[in-house]
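Novice: The following comprises the amino acid sequence and a computationally predicted model.
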Amino acid sequence: MKLSTAVSAVGRSLRKPGDLLPFYILGGAIPAIARVFPFLGILAVWILLWATGTIAAIRTEIENIEGTAPNPEQNPEAFAEWMNEVWIAIESGFTPLVGVVSGLTLLVTVLLMIVFSIGLYAVASAGQLATCYARLRTERGMVAGIAGTRRFWLSMLGLYVLEVVLWILVTLFLAGGAGLVAMMSIVVLDSALLAIPVALIGALVWFGAIIAIRAVFTFAPVAVVVDDTTAFGSLSNAAGFIRSAPVEAIFYFIIALIASIGFVSVISVLSVVGSGSVVTLVTLLLVTPALDLLKTALYGGYRGQIASPAPIESSFRSQFTGGIRRGLASLSGFVRATPGTHAFILILGVGTFVAGWMAAAPFEGILDAAISERIEGIMPPTAALEFFGNNWMVALTTAFSGLAFAIPAIFGIAFNGVFLGATARLEVEPLELLAFVIPHGIFEIPAIIFAGALGVHLGVVFWKASTGSITREAFADELERAFWVLIGIGVLLAIAGFVEGFISPFYYRPFF
């Protein structure tokens with residue numbers, strides 16, 4: 001396949017996002033799914049501390065500390081000293097048994113989170129590449145992606161393990177060889193001068209070996225899907241592609257390198273002004289899918305398995321505005337169709353807010369929060385962009401994390417409720433906080449509730465799909481529908497971000 005044809009195929013495939021991006025959003029939601037384990041661990045530790053009286057003991061020790069927390073920005077040294085006293089008070093409240101049990105509980109949940117995350121990334125990767133391959137063959141991506149998760153995830157997991165093993169073996173072999181040569185030079189020549197060039201040569205060889213391994217493993221997952229082969233079979237096929245089509249392989253590596261450098265540069269700049277989450281969002285929804293489509297198109301073209309998608313007749317502008325309208329219509333239809341689910345999420349949010357309010361009571365007067373300090377020096381344009389990017393990312397991950405039988409979505413809403421309740425209880429100026437929240441909250445809070453309800457809905461849908469109650473095509477329809485609902489939620493959050501950046505921090509200040 002010509003390079004221009006491959007690039008054109010990528011662009012055309014991206015113009016149908018509803019049949020491509022859901023699996024990439026699922027990949028971005030994996031941390032939200034996996035964090036259920038540490039959440040459970042933290043909850044178990046909290047119950048243990050409460051039942052053993054440890055929390056009461058810690059509060060007593062903290063109350064004995066003279067003074068309140070200094071402002072960390074105005075007096076960082078005093079704040080550091082105060083925090084040191086707080087940590088000493090916390091440590092003194094723990095008995096050895098409670099400390100050991102708490103530590104082991106958290107350690108086990110973190111290990112479970114890591115193992116579970118690796119497996120989920122293999123599943124998501126299988127679905128993503130199967131979706132890309134189908135879109136490049138003018139087939140329906142979501143249906144192929146769902147089938148691909150079952151068919152290819154073990155091979156993807158095998159590739160993860162094999163690459164790590166190869167990195168370790170190469171490192172140990174070269175390090176051992178360089179060390180052996182250095183020792184021989186010392187024994188035979190009675191000098192360590194030879195060790196320096198040997199170490200440099202060894203480092204260069206190691207770097208070259210790692211680059212070669214990464215190059216083969218870049219195309220191996222695509223080979224798994226396109227050739228329908230095993231992890232071991234994909235390695236030889238990927239190596240054959242790089243040897244037979246070096247121009248195509250080098251072209252991909254250059255594009256990927258440019259994208260990586262651009263990503264690091266842009267996120268560095270935006271992080272300075274506080275808008276880094278937008279780059280993460282663009283990477284998730286555009287850069288990563290485009291790179292996957294490109295390497296699939298290049299490898300699939302080499303195998304003669306790609307049919308370039310038909311051109312999109314509508315202009316980008318008309319497609320964009322049409323997508324916004326479709327997103328809002330899908331959101332409206334989803335809300336009307338699932339009133340019970342939304343009522344459940346609303347009750348959950350209010351209930352956990354109250355729980356957070358009550359849980360923060362022991363720390364009232366000891367710890368405090370001030371909205372005026374958090375928004376001090378805010379830059380409206382970059383703040384609005386950051387608020388939108390962060391909140392939409394939360395909505396995307398909350399919704400698609402619900403595919404794990406709705407549990408992570410419920411945990412996400414509950415966590416936010418507890419956090420907001422505790423923050424409100426510790427706020428030194430409650431009326432000021434309320435004044436800040438109201439203007440953008442009328443858009444943001446419903447949007448998060450909609451995302452939570454969508455997560456619960458997708459959990460029910462996944463249960464039906466896993467039990468055979470609905471067909472693969474119906475499951476694909478629900479995933480695509482969820483994408484468009486999230487577009488509608490994104491519109492609400494864009495409005496909320498604008499209001500939160502330009503209006504909420506300023507309009508009430510003359511009255512306080």
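Specialist: Perfect, thanks for sending it. Numbers count the residues shown, from 1 in each chain.
Novice: now the stretch 1-150 of the chain, which segments are flagged as low pLDDT?
Specialist: Along the stretch 1-150 of the chain, the model assigns pLDDT under 70 to residues 1, 63, 66-74, 93.
Novice: Please apply the same query to the stretch 201-350 of the chain.
Specialist: For the stretch 201-350 of the chain, the ranges with pLDDT under 70 are 263-264, 266-275.
Novice: ok, longest helix in the protein?
Specialist: Assignment by DSSP state H gives helix 141-189 as the longest helix of the chain.
Novice: Just list what it packs against, helices and strands only.
Specialist: Under the contact criterion of 3 or more CB pairs under 8 Å, 6 or more residues apart in numbering; DSSP states H and E, helix 141-189 touches helix 22-34, helix 96-136, helix 195-227, helix 231-244, helix 472-502. C-beta coordinates here come from the backbone N, C-alpha and C atoms, glycine included.
Novice: For Trp82, find the nearest of these.
Specialist: helix 96-136 (22.7 Å; CB to CB).
Novice: elements contacting that closest one?
Specialist: helix 3-14, helix 22-34, helix 36-51, helix 141-189, helix 195-227, helix 288-302.
Novice: Contacts for the helix or strand following the last one, please.
Specialist: Next in sequence after helix 288-302, counting helices and strands by DSSP states H and E, comes helix 316-337. Outside helix 316-337, the residues within contact range by CB atoms under 8 Å, 6 or more residues apart in numbering are 15, 17, 312, 314, 342, 450, 453-454, 457, 481, 484-492.
Novice: before we move on, back to that, of the helices and strands packed on helix 96-136, which is nearest Gly441?
Specialist: helix 22-34 (22.2 Å).
Novice: Quick one: list the elements packing against the closest one.
Specialist: Using 3+ CB pairs under 8 Å, 6+ apart, helix 22-34 sits against helix 96-136, helix 141-189, helix 288-302, helix 380-401, helix 407-426, helix 472-502.
Novice: Identify whichever of those lies nearest to Ala80.
Specialist: helix 407-426 (20.2 Å).
Novice: Let me see the mean pLDDT of the helix or strand just after the closest one.
Specialist: Per DSSP H and E, the first helix or strand lying C-terminal to helix 407-426 is helix 430-466. The average of the pLDDT scores along helix 430-466 is 95.
Novice: tell me which residues in helix 430-466 are buried?
Specialist: Judged by neighbour count using 16 or more other CB atoms under 10 Å, the buried positions of helix 430-466 are 432-433, 435-437, 439-441, 443-462, 465.
Novice: cool, stretch 22-41 as well?
Specialist: In stretch 22-41, counting by 16+ other CB under 10 Å, buried: 22-30, 32-37, 39-41.
Novice: residues contacting Lys16?
Specialist: So Lys16 contacts 135, 141, 309, 312 (CB under 8 Å, 6+ apart).
Novice: List only buried entries from the residues you listed.
Specialist: Going by neighbour count (16+ other CB under 10 Å), the contacts of Lys16 have 135, 141, 309 buried.
Novice: which residues touch Tyr133?
Specialist: 144, 148, 222, 225-226, 296, 300, 305.
Novice: tell me which of these is nearest to Ser155?
Specialist: The nearest one, if we look at these relative to Ser155 and count by CB to CB, is Val225, at 8.8 Å.
Novice: now what about stretch 291-307, what contacts it?
Specialist: Contacts for stretch 291-307 (CB under 8 Å, 6+ apart): 1, 3, 5-7, 9-10, 13-14, 128-129, 132-133, 135-138, 218-219, 222-223, 225-227, 238, 241, 244-245, 248-249, 251-252, 255-256, 259.
Novice: hmm, try it at 6 Å
Specialist: Contact with stretch 291-307 is made by 1, 6, 9-10, 13, 128, 132-133, 136-138, 219, 222, 226, 241, 245, 248, 252, 256, as judged by CB atoms under 6 Å, 6 or more residues apart in numbering.
Novice: can you tell me how far Glu427 sits from Ala310?
Specialist: The gap separating Glu427 from Ala310 is 56 Å, by CB to CB, to the nearest Å.
Novice: who has more neighbours, those two?
Specialist: Per other CB atoms under 10 Å, whichever of Glu427 and Ala310 has more neighbours is Glu427, with 19 against 8.
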